[in-house]
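S.K.: quick one, structure for this:
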Amino acid sequence: MKVVAIVGKKKSGKTALIEHLIAYLKEYGNVGCIKHAHELDLDVPIARDTDRFFTAGAEVVIGASAEKTITICGYESLPDLIAEMATSGVDFVLVEGFKSSDLPKITLNDFSHQEVSNILKRIDFGGDFKIPEEMIKELVQLILSLDDY
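M.R.: Predicted coordinates for the structure are as follows:
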């Protein structure tokens, strides 16, 4: 399983880049994502109601609809989350955020090596989030070349 983190400041294009990478990586296998969020938006009714069970004391809660399933559980470390992804049969894990992790990273901002370690590639969209297809293909090849996690 290949794992890479996409890091950048707020509104830098991390989610847009990951959406493109998913589409291209799916040609090579199953893709999973882990997103670091300072807080989770639980305004969607299924998420909001499911969170109520968790808040009431349930250890793990799964909300299911015809289109999606969400799981809410207590905090797990990034390595635990990646291990969970490994058991779900994915070939690639794209991690949004977790800039202080030791994972290999693609950065969307100019971080110093003291701020962010293990930088594989720095990219800049120039503020318009129009991601050239050639760049996506280059990043996919970079991810494919990574050692397995």
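S.K.: next up, the contacts around residue 113.
M.R.: residue 119 (Cβ atoms under 8 Å, 6 or more residues apart in numbering). Where C-beta positions appear, they are placed from N, C-alpha and C, glycine not excepted.
S.K.: for it, which three-state class applies?
M.R.: Secondary structure state of residue 113, per DSSP: H, G, I helix; E, B strand; the rest coil, is coil.
S.K.: distance check, it against residue 6.
M.R.: Note on residue 113: its distance to residue 6, by Cβ to Cβ, to the nearest Å, is 18 Å.
S.K.: what does residue 107 give?
M.R.: In terms of Cβ to Cβ, residue 107 sits 8 Å off from residue 6.
S.K.: between the two, which one's more packed in?
M.R.: Taking other Cβ atoms under 10 Å, residue 107 and residue 6 do not tie; residue 6 has more neighbours (27 against 22).
S.K.: all helices of the protein, in order?
M.R.: Here the chain has its helices, by DSSP state H, at 14-25, 45-56, 78-87, 133-144.
S.K.: go through those and pick out the most buried.
M.R.: Greatest average neighbour count among these goes to helix 14-25 (a mean of 18), per mean count of other Cβ atoms under 10 Å.
S.K.: just checking, what packs against it?
M.R.: On a contact count with 3 or more Cβ pairs under 8 Å, 6 or more residues apart in numbering; DSSP states H and E, helix 14-25 meets strand 2-7, strand 31-35, strand 92-96, helix 133-144.
S.K.: between helix 133-144 and that helix, find me the angle.
M.R.: For helix 14-25 against helix 133-144, the angle by axes from the mean of the first three to the mean of the last three Cα atoms, to 10 degrees is 80 degrees.
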